[in-house]
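Peer 1: Sequence and predicted structure, then a few things I'm wondering about:
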Amino acid sequence: MSMRTKVLGLVDVMMRVPPVMVIDEILKIGMGLPTRLYPDKSSPSSSSAEPLPKTDASAADLDQDPFASIKAFFGLGDGMAAATTSAAAAAQEVLERSIEKASRSAQSDGILSSGFNSLMEELAHDETLSDVLSITTVKFVICLFGFLSAACIFMLWTRHLVMVYMFLTSLGLTFLSYWSNVSALALMEHSPCILEDLMSLNTTRLLDSGGVVMSLAPHLIAQWFMGMLFAYIHLGPRYEMLQKSMPIIFASPILVAMLPLPAKMVQQLPLVAGFTPIILTMITLMHSAMEASRTVYNGYQYAMNFVSNFGLSALIENEWQRLNVPNVLRVFWTIRIIQGAYALAMADTEEPLELMPATEKLLVDGCETLTAVLGMTGVISMICHYIGRGFQWYLLTYDNDEEKSLGTVSAVLFYILALQTGLTSLAPDKRFVRLCRNLCLLMTALLHFLHNIVSPILMSLSAARNPSRKRHVRALTVCAFLVVMPVSLLYYLWSQRSISTWLLAVTAFSVEVIVLVSLATYTLFLLDARRQFFWEKLDDYLYYVRAFGNSVEFCFGILLFINGAWILIFESAQNATGGAIRAIMMCIHAYFNIWCEARAGWSVFMKRRSAVHKISALPEATAAQLQAFDDVCAICYQEMYSAKITRCRHFFHGVCLRKWLYVQDRCPLCHEIMMYTDKAEDNAQETEPVVAAQAEQPLRLYPRDDGNNAGGAAPRRTPERTAPDAPEMAATLANATAAAAAVIGAEAAAAIVESAAVAAAGSASSSASASGGSSANSYISSTSAQPPPPTATSAAAVATAAASNTSHMFRMSQEQQ
């Protein structure tokens with residue numbers, strides 16, 4: 001990003017800060033609405049002895065400051081209480097008297113009596129109360145208009161925003177020139193005539209440092225520069241003669257006032273001088289009104305089209321990035337804090353300014369309104385973002401996903417906590433305590449995020465057997481930090497604070513973040529890497545450790561739900577908005593963290609239980625069978641010192657097969673159903689002796705062609721599969737024919753046996769003609785795509801399978817024919 005782009009981005013951010021400050025000031029005065037309708041009688045401000053002197057003082061202030069009435073009306077200064085105390089006291093007295101009369105009337109005659117209705121009419125026609133309500137309504141309407149105007153200005157495109165600022169600047173220059181001319185004429189009112197001094201060349205009076213000329217010089221220079229600036233930035237008609245004469249028009253009241261003119265005429269000179277820029281500004285406003293309405297309409301059309309094409313969330317995300325909202329809020333909050341710090345530093349107090357009380361005061365003022373809380377959220381988000389980046393750099397991992405970054409998560413969490421706890425509506429002392437508690441909860445969320453970063457790194461380092469000790473040490477250092485930090489935080493909180501719902505929530509979050517489960521899993525994987533043989537119990541140990549961790553998290557989730565319900569029922573009565581937000585968050589927590597986790601855990605438990613039951617039903621391979629098989633597990637590619645035999649005569653580790661059964665019940669190699677169904681067992685009772693004898697019989701397999709093995713090592717040999725004798729083959733075929741005929745019929749069974757016999761004869765002739773017998777045939781491994789040689793034993797297996805899967809056997813018989 002070039003420097004020019006950065007500077008333009010900073011300018012755009014700075015131009016969007018003033019509307020946010022206007023919104024903040026409007027929210028600070030509560031949109032012009034009274035924050036409390038019935039003030040406390042015991043408070044000094046509501047006593048009847050104090051309003052009169054305050055009213056006199058306010059009248060004196062109004063005479064000194066021309067803006068005092070406006071400030072008092074909108075509550076922007078200290079004159080608010082002084083200007084409205086008498087009216088508030090009178091209205092309070094009328095309301096209390098009317099309510100007391102209404103209560104007595106309601107008790108004596110009933111609510112719908114004529115006396116009560118007459119009192120309500122009297123209350124409605126009360127002039128003092130009507131004045132108070134009308135003033136409140138006007139203030140609310142003006143504040144609402146200002147709020148909406150500031151929000152619209154904030155959302156403008158940069159080009160239109162520049163035009164708005166040019167218009168406002170030209171309007172501000174006009175009023176500033178007017179007040180400067182008024183002040184200059186006030187200086188000239190009781191001073192000697194400057195024109196006489198110029199004509200008489202009275203240099204002593206003209207060059208006097210405390211004279212009128214020296215006092216008027218800054219006003220005259222300021223008027224000249226304001227005229228030049230107005231001529232440059234105003235958006236009205238630009239006539240050449242008018243542009244050049246604009247500085248003279250701005251400074252004309254001071255120049256004309258030097259002439260001997262009547263006092264009344266001199267007083268009207270500033271108004272006459274401001275007439276020209278006001279006319280130009282009005283022309284600009286009339287020309288811009290149509291363009292402004294067109295801009296609003298085009299913006300509405302753009303938003304509707306964007307929503308119809310990409311959705312509302314995409315529109316919000318796009319506008320969020322275009323307006324650069326996080327940076328705007330951070331700059332606004334920083335300016336607000338700097339302004340508060342300057343006010344504290346410039347305050348006339350005899351006591352020295354201490355750091356901790358000043359910091360507490362700034363933090364309390366920094367979360368006074370919703371916009372201030374948003375600004376603080378942006379600053380906290382940036383701090384947490386760089387903390388997360390620092391840990392990612394230390395762990396040598398980088399994740400550029402902005403939605404899952406620590407800054408985004410912390411911002412959402414902090415603002416939800418602020419709304420949920422009613423941070424802006426609390427008293428200053430309670431607000432600081434609540435802010436500290438929210439920051440503690442945010443710290444636990446930060447530790448959770450770090451745990452989510454380091455846990456997969458530990459798993460990858462242990463499972464991949466990474467030899468880099470540097471990465472192991474870094475990950476273990478972060479794990480040590482995640483153990484020490486929560487323990488230290490809990491020790492401090494439990495030793496300094498009494499038990500409360502907030503402390504229970506922090507404790508639950510802190511216990512969850514301790515990485516003992518991750519460390520235990522990491523240790524198990526390291527032990528497995530050190531072992532020379534396959535560790536079949538590893539999967540069970542991992543399951544127990546993770547089940548323990550998930551159970552603890554599930555219990556703490558239930559505890560947090562109960563804790564939140566207690567707060568919602570007994571501690572959120574005075575904060576309706578926070579209670580509603582808490583109820584919504586509790587529903588989300590109950591669904592995702594309790595119901596979904598419980599359902600997922602139960603599903604895993606049932607799958608594991610079913611898989612264990614299925615695995616226990618499969619026969620265990622004997623040592624002779626494993627020696628005859630002499631191959632690795634087709635799932636994990638590890639040597640097999642124990643194995644399970646599927647119905648399709650494939651060998652797998654019991655643990656590996658159990659994991660596979662979590663997904664499906666078919667063999668990983670041939671996709672046959674590995675388990676015997678109940679119907680097949682009932683229909684194939686006659687073939688059970690044959691199948692049992694077949695399972696006990698050691699497999700006589702052909703050796704693999706290990707010519708491609710590294711180092712040219714000699715291939716591993718297995719016992720040679722010998723052809724069965726004719727009587728054994730006849731007996732086997734007879735039993736298979738009987739079993740198949742019981743299910744698929746005599747004709748289909750005869751066709752299968754005939755095809756098997758032909759294949760067996762062909763196999764026998766080929767084996768007799770081959771030199772070396774079994775050495776000429778290659779072993780059919782688990783990854784081979786060719787079918788095994790059809791023998792009598794395979795024919796019996798085909799017939800047995802036909803007893804449980806009729807349609808599959810018809811397909812097999814057709815292929816063999």
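Peer 2: Okay, I see it.
Peer 1: For the stretch 151-300 of the chain, which residues score under the pLDDT cut-off?
Peer 2: Counting by pLDDT under 70, the low-confidence segments of the stretch 151-300 of the chain come to 192, 195-197, 202, 204-206, 209-210.
Peer 1: Show me the helices in it, by range?
Peer 2: If you assign secondary structure with DSSP state H, counting those that start in this stretch, the helices in the stretch 151-300 of the chain sit at 158-189, 194-199, 203-206, 212-233, 240-257, 263-267, 269-273, 275-310.
Peer 1: Let's have the ones you listed in JSON lines, adding mean neighbour count.
Peer 2: Every C-beta, even on glycine, is put in place using the N, C-alpha and C of the backbone. As requested, those are arranged in JSON lines below (neighbours: other C-beta atoms under 10 Å):
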{"stretch": "helix 158-189", "mean neighbour count": "16"}
{"stretch": "helix 194-199", "mean neighbour count": "14"}
{"stretch": "helix 203-206", "mean neighbour count": "12"}
{"stretch": "helix 212-233", "mean neighbour count": "17"}
{"stretch": "helix 240-257", "mean neighbour count": "18"}
{"stretch": "helix 263-267", "mean neighbour count": "12"}
{"stretch": "helix 269-273", "mean neighbour count": "19"}
{"stretch": "helix 275-310", "mean neighbour count": "13"}
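Peer 1: Which residue is the nearest non-sequential neighbour of residue 444?
Peer 2: By the measure of C-beta to C-beta, 6 or more residues apart in numbering, the closest residue to residue 444 outside its immediate chain neighbours is residue 509, 3.8 Å from it.
Peer 1: Quick one: list the elements packing against the helix or strand encompassing the one you found.
Peer 2: Counting by DSSP states H and E, the element that carries residue 509 is helix 501-513. Taking 3 or more C-beta pairs under 8 Å, 6 or more residues apart in numbering; DSSP states H and E as contact, the helices and strands that helix 501-513 lies on are helix 428-463, helix 469-496, helix 538-570.
Peer 1: In CSV: these, plus mean pLDDT.
Peer 2: Rendered in CSV, the data for these read as follows (pLDDT from 0 to 100):
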stretch, mean pLDDT
helix 428-463, 88
helix 469-496, 90
helix 538-570, 88
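Peer 1: Need the winner for burial among those.
Peer 2: With neighbours taken as mean count of other C-beta atoms under 10 Å, the helices and strands packed on helix 501-513 reach their highest mean count in helix 428-463, at a mean of 18.
Peer 1: For that one, name the packing helices and strands.
Peer 2: Using 3+ C-beta pairs under 8 Å, 6+ apart as the contact test, the elements touching helix 428-463 are helix 355-365, helix 370-394, helix 406-420, helix 469-496, helix 501-513, helix 516-530.
Peer 1: To residue 336, which of the ones you listed lies closest?
Peer 2: Closest approach to residue 336 among these (C-beta to C-beta): helix 370-394, 6.5 Å.
Peer 1: Turn the helices and strands packed on helix 501-513 into TSV, columns for distance to residue 189.
Peer 2: Written out in TSV, the entries for the helices and strands packed on helix 501-513 read as follows (distance: least, C-beta to C-beta, whole Å):
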stretch	distance to residue 189
helix 428-463	47
helix 469-496	67
helix 538-570	67
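Peer 1: Compare the ones you listed and report which one is nearest to residue 321.
Peer 2: Using C-beta to C-beta, those put helix 428-463 closest to residue 321, at 22.9 Å.
Peer 1: Next, residue 498: secondary structure please.
Peer 2: Three-state assignment for residue 498 (DSSP: H, G, I helix; E, B strand; the rest coil): coil.
Peer 1: What separation do you get for it and residue 305?
Peer 2: Counting by C-beta to C-beta, to the nearest Å, the gap between residue 498 and residue 305 amounts to 57 Å.
Peer 1: picking that back up, quick one, the helix holding residue 509 and helix 538-570 angle?
Peer 2: Relative orientation of helix 501-513 with respect to helix 538-570: 170 degrees, computed using axes from the mean of the first three to the mean of the last three C-alpha atoms, to 10 degrees.
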